[in-house]
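Undergrad: can't give you the sequence, but here's the structure:
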């Protein structure tokens, strides 16, 4: 079912992106193919057949807003540009986009062919008599499929992020699975299991007290209580693997699996170390202030989850599912 939900969300995202792009094609908010009139203040005048104009494109906010049909800027526009003229008389423009550029042009540059630049062609270049100013009409490169391109880029970015997380998790899993193995060989897990036997017998009555799943669950819960969520992940996977060995019906979660998942998801915690570290890195004045609320919130969530799992597993419907 979860796979159907994911594919549904992906399709909805694609349909919305395509719909927005089709709307943009109809409305043409980027004014594709339409000339933008401005003044070029010349800093370097051209000479020869192949020439380059260097200077600033200047336009009033009224002209800018009238061109794009909305209030896109409230300040005078002055953008450094270079205009190259070829032997055939055609002129191309390259405009550097900075933080001082109008927000609308910055948005267009993100979807353009050149990073941090707007490319276009000058369809009219008329220098004044003093060679210091010129009236120009610029047609910027066409901006299309902005939303679809953004969805595609986000998919690629998060795919790379997922790989980085997975690779980072390999080291964590190797470390803590090794620690658990050392603790098991040293007899620490057996001691800890015996100490917590009264609790585990009530929570997981169908699991033998000396089964490896008990030790893995205890280590997972301990790691979660210290706020070491990444360290708890491999231990939780190991616990589920061991619990599945006792599963009489593969593919159906047992009562022990559901109870353990409720405890794990509830996030019973004593010291939220990871959250405190993130808050400290973000410059929080008091990163440890969340300790009390984290304990209360996670405790309530865990109690609610365990209570729900114990109540639901008594219903005939779920008993029949396990017996079928």
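TA: The structure has been received and is ready for your questions. What you are looking at is a predicted structure, and each value in this text was computed from that prediction instead of being measured.
Undergrad: care to break this protein down by domain?
TA: Listed domain ranges for the chain are 31-142, 187-323 (source: automatic domain parsing).
Undergrad: Output these as JSON lines; include the columns mean neighbour count and distance to residue 22.
TA: In short, each C-beta sits where N, CA and C put it, glycine included. Formatted as JSON lines, the domains of the chain follow (neighbours: other Cβ atoms under 10 Å; distance: least, Cβ to Cβ, whole Å):
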{"stretch": "domain 31-142", "mean neighbour count": "15", "distance to residue 22": "14"}
{"stretch": "domain 187-323", "mean neighbour count": "16", "distance to residue 22": "40"}
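Undergrad: where exactly do the helices run in the stretch 1-150 of the chain?
TA: Assigned by DSSP state H, counting those that start in this stretch, the stretch 1-150 of the chain shows helices spanning 2-27, 61-68, 103-110, 146-186.
Undergrad: Let me know which of the ones you listed is tucked in deepest.
TA: For those, the largest average neighbour count (mean count of other Cβ atoms under 10 Å) is found in helix 103-110, namely a mean of 17.
Undergrad: angle of it against helix 61-68?
TA: Inter-element angle recorded for helix 103-110 and helix 61-68: 50 degrees (by axes from the mean of the first three to the mean of the last three Cα atoms, to 10 degrees).
Undergrad: chain center to helix 103-110: distance?
TA: Chain-centre distance of helix 103-110: 21 Å, with Cα atoms, centre = their mean, to the nearest Å.
Undergrad: for stretch 306-313, same thing?
TA: Here stretch 306-313 is found 34 Å from its chain centre; the criterion is Cα atoms, centre = their mean.
Undergrad: Just the strands from the protein, written as ranges.
TA: Applying DSSP state E to the chain gives strands spanning 36-44, 51-59, 77-85, 91-96, 117-127, 133-140.
Undergrad: Turn the domains of the chain into CSV, including mean pLDDT and distance to residue 17.
TA: Converted to CSV, these look like this (pLDDT from 0 to 100; distance: least, Cβ to Cβ, whole Å):
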stretch, mean pLDDT, distance to residue 17
domain 31-142, 81, 13
domain 187-323, 79, 32
